[in-house]
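Participant: Sequence first, then the predicted structure:
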Amino acid sequence: MWYTEQSWFTEPCTECGTALSFEIHKKLHEEQTPFQTIEIYSTKSFGKMMAIDGFVMLTERDNFIYHEMLAHPVLFSHPEPAEILIVGGGDCGTLREVAKHSCVLKILQVEIDERVTRLSEKYFPELCESNHDPRIEFIFEDATEWIQKRNPESVDVIIVDSTDPFGPAQGLFSTPFYKDCFHALRNDGLLVQQSESPLVHLESIIRPMHACMRKAGFAATELIHFPQPCYPTGWWTATIASKTGQLSCHRPESARHPGFETRYYNHAIHFASLSVPQFMKDSKP
């Protein structure tokens, strides 16, 4: 990461051979936690921005795409998502989207770094508007250790809202972690995890992730695609894994008429996001 007082924050992407830059007004906050370096900036065109260890995590302008696509497709693909586990997600944007579903009775969020959540409450309060929902329980622990102690078949959906596979998040992209998730999920359970860009991470992250999920016992895996302007290439994915192999939208009428407001997700987007680009048709993960 390069930051100068001349008003630019730049995140190089060595895999792409490119860099992503944001013109900024000023740095609002920086701190070193026991786990990572967190920075908050005020940008000129993307609102406030959070970066962790030099990588852009979210901006006010476009975070709704990522958070909606990580939450709604998987929840509408489950017949009755009552108990949800969010791994990571300290900024609470995904949590806010999950809380919109009235069928959800319990939400556990396990985030290793409490400071991410506290800084989000201060600088991104719109993402934290559901934090006092009585259905939510916050647990600030290492999720890879916490889930090993979770009772078998005790949650319906696991959402892994993690950073890139480095630092504290590295263990969240491994077969042992997926095995623990598999055991924690009920028989019709689903797992979803952000899975980077297919343009540059297909071989290095996406294929190995799908292989690890299947090795852990999941019967089927599927990519969903969506734009994400603040991330390298602007094209991002999430991977959904199913214990039973069923990955269709189980509640299509609810997806058509969700009863809450979204800015990106809708019924048509749900199905379009599952379409496989031509260059990947002969080599799906």
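Facilitator: Yep, it's here. Residues are numbered from 1 along each chain as shown.

Participant: Go ahead and list the helix or strand containing residue 74.
Facilitator: Element membership of residue 74 [criterion: DSSP states H and E] is helix 63-76.

Participant: Quick check: buried residues in that helix?
Facilitator: Residues of helix 63-76 classed as buried: 63-76 (neighbour count, 16 or more other C-beta atoms under 10 Å). Just so you know, the C-beta spots here come from the backbone N, C-alpha and C atoms, and that holds for glycine as well.

Participant: Dump those residues into JSON lines; add distance to residue 32 as well.
Facilitator: Formatted as JSON lines, the buried residues of helix 63-76 follow (distance: C-beta to C-beta, whole Å):
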{"residue": "63", "distance to residue 32": "24"}
{"residue": "64", "distance to residue 32": "29"}
{"residue": "65", "distance to residue 32": "30"}
{"residue": "66", "distance to residue 32": "25"}
{"residue": "67", "distance to residue 32": "26"}
{"residue": "68", "distance to residue 32": "31"}
{"residue": "69", "distance to residue 32": "31"}
{"residue": "70", "distance to residue 32": "27"}
{"residue": "71", "distance to residue 32": "30"}
{"residue": "72", "distance to residue 32": "35"}
{"residue": "73", "distance to residue 32": "35"}
{"residue": "74", "distance to residue 32": "34"}
{"residue": "75", "distance to residue 32": "35"}
{"residue": "76", "distance to residue 32": "39"}
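
Participant: Now flag whichever of those residues is closest to residue 185.
Facilitator: residue 74 (11.8 Å; C-beta to C-beta).

Participant: Would you confirm that residue 131 contacts residue 95?
Facilitator: Yes: here residue 131 lies in contact with residue 95, judged by C-beta atoms under 8 Å, at a distance of 7.3 Å.

Participant: ok, these two, which is more surrounded?
Facilitator: With neighbours defined as other C-beta atoms under 10 Å, residue 131 and residue 95 compare such that residue 95 has more, 29 against 17.

Participant: What is the helix holding residue 74 packed up against?
Facilitator: helix 93-99, strand 155-161, strand 185-194, strand 220-227, strand 235-242, helix 252-256, helix 267-272 (3 or more C-beta pairs under 8 Å, 6 or more residues apart in numbering; DSSP states H and E).

Participant: Give me the domain ranges for the protein.
Facilitator: Split into domains by automatic domain parsing, the chain comes to 2-59, 63-283.

Participant: what separates the last one from the chain centre, distance-wise?
Facilitator: The chain centre lies 5 Å from the centre of domain 63-283; the measure is C-alpha atoms, centre = their mean, to the nearest Å.

Participant: Make 28 the first number, not 1, from now on.
Facilitator: Fine by me, first position is 28 from now on; the one you just mentioned is domain 90-310.

Participant: for the record, mean pLDDT for that domain?
Facilitator: With pLDDT averaged residue by residue, domain 90-310 scores 93.

Participant: now the first one
Facilitator: For domain 29-86, the mean per-residue pLDDT is 91.

Participant: quick one on the thing from earlier: so of the domains of the chain, which one's packed in deepest?
Facilitator: domain 90-310 (a mean of 19; mean count of other C-beta atoms under 10 Å).

Participant: State the distance from the closest residue to residue 77 other than its chain neighbours to residue 308.
Facilitator: Closest residue to residue 77 apart from its sequence neighbours, by C-beta to C-beta, 6 or more residues apart in numbering: residue 84 at 4.6 Å. For residue 84, the distance to residue 308 (C-beta to C-beta, to the nearest Å) stands at 32 Å.

Participant: do the same with residue 284
Facilitator: 32 Å.

Participant: Repeat that for residue 116.
Facilitator: Distance from residue 116 to residue 308, by C-beta to C-beta: 32 Å.

Participant: Residues contacting the helix holding residue 101, please?
Facilitator: The contact list for helix 90-103, computed with C-beta atoms under 8 Å, 6 or more residues apart in numbering, reads 85, 108, 111, 118, 120-121, 123-125, 128, 131, 154, 184, 186, 188, 217, 219, 221, 251, 253-255, 257, 263, 265, 267, 276-279, 281-282, 285, 289-292, 297, 300.

Participant: hmm, 7 Å instead?
Facilitator: 108, 120-121, 124-125, 128, 184, 186, 188, 217, 219, 221, 251, 253-255, 263, 265, 267, 276, 278, 281-282, 289-292, 297, 300 (C-beta atoms under 7 Å, 6 or more residues apart in numbering).
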